[in-house]
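[1] fold the following and give me the result.
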Amino acid sequence: MKTLIQETKEKGLESLMGKKVTIFCCRYIYTGELIGIDEQNILLKNPAIVYETGPFDKKEWQDCQSLNIPEWYIAIQSIESYGILK
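    Numbers count the residues shown, from 1 in each chain. All right, here's what the predicted structure looks like:
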């Protein structure tokens with residue numbers, strides 16, 4: 001089997017710093033700009049909760065509601081998966 005190896009300095013969450021991310025947690029889906037990471041938490045700028053995704057091939061979420069605050073912390077232990085989705 002051949003595999004593609006791509007060397008980067010940052011891995012995982014660190015590689016997404018400064019980008020709009022989607023965070024799937026044990027109860028909610030969050031979205032916002034990832035602006036901070038430490039050993040226990042991540043920090044989102046302009047955070048929102050996705051209550052209904054709708055089709056994943058659509059550009060926007062079906063029901064995404066802003067938390068109406070500039071920043072929000074999420075415990076890393078609650079994160080199930082993450083990435084750039086919409």
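
[2] low-confidence ranges in the protein?
    Within the chain, the ranges that satisfy pLDDT under 70 run 1-8.

[3] try it again at 80.
    Segments of the chain classed as low confidence (criterion: pLDDT under 80) are 1-10.

[4] tell me where it has strands.
    With DSSP state E as the criterion, the chain has strands at 20-25, 29-37, 41-52, 63-66, 71-75, 79-83.

[5] distance between the last one and the chain's centre?
    When you say that, I think you mean strand 79-83. Centroid separation between strand 79-83 and its chain, computed with Cα atoms, centre = their mean, to the nearest Å, is 7 Å.

[6] which helices and strands sit right next to that strand?
    strand 20-25 (3 or more Cβ pairs under 8 Å, 6 or more residues apart in numbering; DSSP states H and E). Any C-beta I mention is one placed from the backbone N, CA and C, and that applies to glycine too.

[7] residue 33: what's it in contact with?
    Applying Cβ atoms under 8 Å, 6 or more residues apart in numbering, we find residue 33 in contact with 18, 19, 20, 21, 44, 45, 46.

[8] TSV for the residues you listed, including distance to residue 53 and neighbour count?
    Shown next, in TSV, are those (distance: Cβ to Cβ, whole Å; neighbours: other Cβ atoms under 10 Å):
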residue	distance to residue 53	neighbour count
18	24	9
19	19	11
20	15	15
21	15	19
44	18	23
45	21	15
46	19	16
